[in-house]
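Enquirer: How does the following fold in three dimensions:
(one chain, ligands or ions: 1)
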Amino acid sequence: MSLWSIEKPQTEKFIGYEPGTKEREILKKKLEELREKTVEIPLIIGGKEVKTGDTVEIRIPHDKEKVIAIAHMAGPDEIREAVEKALDAWTKWSEMDWYHRVAVFRKAADLLAGPYRFEAIAAIMLNQSKTPWEAEIDLAELVDFWRWGAYYARFIYEQQPEQYPGEMNRVDWRPLEGFIVAISPFNFFSIAGNLPTAPALVGNVSIWKPSRWVLFSNYYIMKVLMEAGLPPGVVNFVPFPNRHAEILFSHPDFAGLHFTGSYATFVRLWKIISRNIDKFRNFPRIVGETGGKDFIVVHNSADIKEAVVATIRGAFEYQGQKCSAASRLFVAKSIWPKFWETMKAELEKVKVGPVEDFSVFMGAIINEEQFNKIVSYIEYAKQHPEEYQIIYGGKYDKSKGYFIWPTVILTNNPKGKLMTEEIFGPVLTVYIYDDDKYEETLWVVDKAAPYGLTGSIFAKDREAIVKAEKILRYAAGNFYINDKPTGAIVARQPFGGSRWSGTNDKAGWFTNLLRWLTPRTIKELLVPPKDWRRPYMGVD
Ligand code: NAD
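Expert: Numbering: from 1, shown residues only. Below is the predicted model:
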């Protein structure tokens, strides 16, 4: 395999959709067009459309009566068929020169960033209830995953062992033997696209089970991949009811799981895999990025306005439905009155509503189940006044769409339910700490919640920053200094956390790609010995 060079990518630029721009006009038109139709979404198995007749409706979360798509779901026969097609594709794909493989994904990136962009942005907005900004950063992230993935694949192939006189050593970076199962969450288009394709970039084949809630937007990913020339069977688009998962997780050729979703689901899947462990030809690779209970700590030396802006964006953008969303806030007592006065004044300006209205900052919650779950935390706070006080919001309404207004809850217990469980909605719980208990508070931040995904420290005092960075070393896989805990960019802030937040393989970085490879070491001896005896055996 030759090691051609490949250009270092630039991060994809975001389009702002400012008033008066051509892009804004195009996007608005696309939104209208997509809204008018109800499309049918097939499975894609071995490059072919399959319709099972077992369908689900895809609705707009902020306009819940509007069905934008009818999607087919796979049954056991289609799942088995997808495995067969994936394994058929494996031989050629796994042996194809890396340069040709990555060319497909670079083409897909250019298609998504170019001709597909506005329609895909409109689809993300409607299906996932994202604002133009949130949809744009999501799409751009997938473009980055593919471009940087191509670059990192080459970086890995370049890693080769030492040479020595008389021998030649090589490492053959083999893809895994078998198929990868990719299971993606509802909240990010980019993650949905990355989970089946990161393994494919380095020669694997995958069965992709997208989230049932976002099949309309996610189908664009599959269309782009097919147009880019991805060979049939390399990625198979196979949404199926959860109860069929064991068909894949007990198959002898199951080689790995690439998962993003909640902690509870990941644990469930890991248990299914482990009870079938003696059926597999290889020990499967299990990669999972899961939930978070992400924090912002505001030291008394912090710039209050900067900390407030980061808190509003970090906690409430995309309605708090980000694994990295701030959901626990710790503020020093001496600055709390000023902090809250500033934050409240800003929150009054936040508009919640349908995302086609471009003055909106927050859209709707993805579905009724998630809506009810978030509301149950607000209700819990109301029922426990000895521990919680709702100081802002607490309002919700599902008559037209699943809307929950930004909610801020004060607590006197930094280890209570709302400070430790993932809520995954626009609910921020605040604990005010005594200024002279800064270090003690950092230890509470570290120990109270079981997750370890993201977190921020706001301070001007360098000593305070140093202390937070040290004490919170394992509290976050992505740690921010004077920035919000959301919005990691591919290749610049490799993303992922440990503890209950996942296996921390860092999506989009070379470390993740390594999980989908199983190196073979090849040694060639130039002039092999002709005598088996060792030197010490000579006669004195
Ligand atoms: P979820 O766990 O409910 O579902 C994730 C995926 O798993 C979905 O496709 C779902 O259909 C599937 N699934 C659920 N049960 C299954 C089963 N028994 N068998 C097979 N598949 C099954 O999560 P979600 O609500 O879609 O997403 C939100 C969660 O994802 C949050 O916990 C969030 O923190 C997490 N998340 C983490 C990251 C990260 O990078 N750490 C990124 C995005 C989302």
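
Enquirer: out of everything not next to it in sequence, what's closest to the residue of the stretch 51-200 of the chain found nearest the ligand?
Expert: At 3.2 Å from the ligand, Pro185 is the closest residue in the stretch 51-200 of the chain, using C-beta to the nearest ligand atom. The C-beta positions use only the backbone N, C-alpha and C, and glycine is treated the same way. Nearest residue to Pro185, sequence neighbours excluded (C-beta to C-beta, 6 or more residues apart in numbering): Gly261, at 4.5 Å.

Enquirer: how many other residues sit next to that neighbour?
Expert: 22 (other C-beta atoms under 10 Å).

Enquirer: where along the stretch 51-200 of the chain do the helices fall?
Expert: Using DSSP state H, counting those that start in this stretch, the helices of the stretch 51-200 of the chain run over residues 76-95, 98-113, 117-128, 132-158, 189-201.

Enquirer: Would you reformat those helices as CSV and include mean neighbour count, mean pLDDT and distance to Leu176?
Expert: Shown next, in CSV, are the helices of the stretch 51-200 of the chain (neighbours: other C-beta atoms under 10 Å; pLDDT from 0 to 100; distance: least, C-beta to C-beta, whole Å):
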stretch, mean neighbour count, mean pLDDT, distance to Leu176
helix 76-95, 18, 98, 9
helix 98-113, 20, 97, 15
helix 117-128, 25, 98, 30
helix 132-158, 23, 98, 14
helix 189-201, 27, 98, 7
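
Enquirer: Turn those helices into TSV, columns for distance to the ligand.
Expert: Shown next, in TSV, are those (distance: least, C-beta to the nearest ligand atom, whole Å):
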stretch	distance to the ligand
helix 76-95	11
helix 98-113	19
helix 117-128	11
helix 132-158	11
helix 189-201	6
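
Enquirer: Take these and write them to TSV, including distance to Tyr388.
Expert: Shown next, in TSV, are the helices of the stretch 51-200 of the chain (distance: least, C-beta to C-beta, whole Å):
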stretch	distance to Tyr388
helix 76-95	45
helix 98-113	43
helix 117-128	30
helix 132-158	29
helix 189-201	32
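
Enquirer: re the thing from before, I'd guessed the residue of the stretch 51-200 of the chain closest to the ligand sits against Ser211; true?
Expert: Yes. Using C-beta atoms under 8 Å, Pro185 is in contact with Ser211, at 5.7 Å.

Enquirer: Give the intersection of the neighbour lists for those two.
Expert: Applying C-beta atoms under 8 Å, 6 or more residues apart in numbering, one finds that Pro185 and Ser211 are jointly contacted by Ala192.

Enquirer: Could you report the neighbour count for Thr486?
Expert: Thr486 has 23 nearby residues by other C-beta under 10 Å.

Enquirer: Before we move on, what's the pLDDT of it?
Expert: pLDDT, Thr486: 98.

Enquirer: for Met1, same thing?
Expert: pLDDT, read off for Met1, is 62.

Enquirer: now do the one 5 residues further on
Expert: Model confidence at Ile6, given as pLDDT, is 90.

Enquirer: Once you drop chain neighbours, what's closest to it?
Expert: Arg154 (5.0 Å).

Enquirer: residues touching the one you found, list them.
Expert: Leu3, Trp4, Ser5, Ile6, Trp98, Val102.

Enquirer: and whatever residue of the stretch 151-300 of the chain ends up closest to the ligand, backbone torsions?
Expert: Residue nearest to the ligand within the stretch 151-300 of the chain: Gly261 (2.6 Å; C-beta to the nearest ligand atom). Torsion angles at Gly261 (phi, psi; degrees, to the nearest 10) stand at phi 170, psi -150.

Enquirer: show me what contacts it?
Expert: With C-beta under 8 Å, 6+ apart, Gly261 has these contacts: Ile183, Ser184, Pro185, Gly288, Thr290.

Enquirer: List the ones among those residues that fall in strands.
Expert: Per DSSP state E, strands hold the following members of these: Ile183, Gly288.

Enquirer: Which residues are in contact with the residue nearest to the spatial centre of the chain?
Expert: Centre of the chain computed as the mean C-alpha position; nearest residue by C-alpha atoms, centre = their mean is Ile191, 4.2 Å away. Contacts were defined as C-beta under 8 Å, 6+ apart; by that measure Ile191 touches Ser184, Pro185, Thr260, Glu289, Ala507.

Enquirer: and Asn300, how many neighbours?
Expert: 20.

Enquirer: try Lys223
Expert: Neighbour number of Lys223 under other C-beta under 10 Å is 16.

Enquirer: List phi and psi for it.
Expert: phi -60, psi -40.

Enquirer: Could you tell me which residues of the stretch 301-450 of the chain lie near the ligand?
Expert: Counting by C-beta under 6 Å from any ligand atom, the stretch 301-450 of the chain comes close to the ligand at Cys323, Glu422, Phe424.

Enquirer: Closest to Val490 out of those residues?
Expert: Distances from these to Val490 were compared by C-beta to C-beta; the smallest belongs to Cys323, at 15.4 Å.

Enquirer: and the closest one, what does it touch?
Expert: With C-beta under 8 Å, 6+ apart, Cys323 has these contacts: Asn187, Thr260, Glu289, Thr290, Gly291, Gly292, Asp294, Leu453, Thr454, Ser501.
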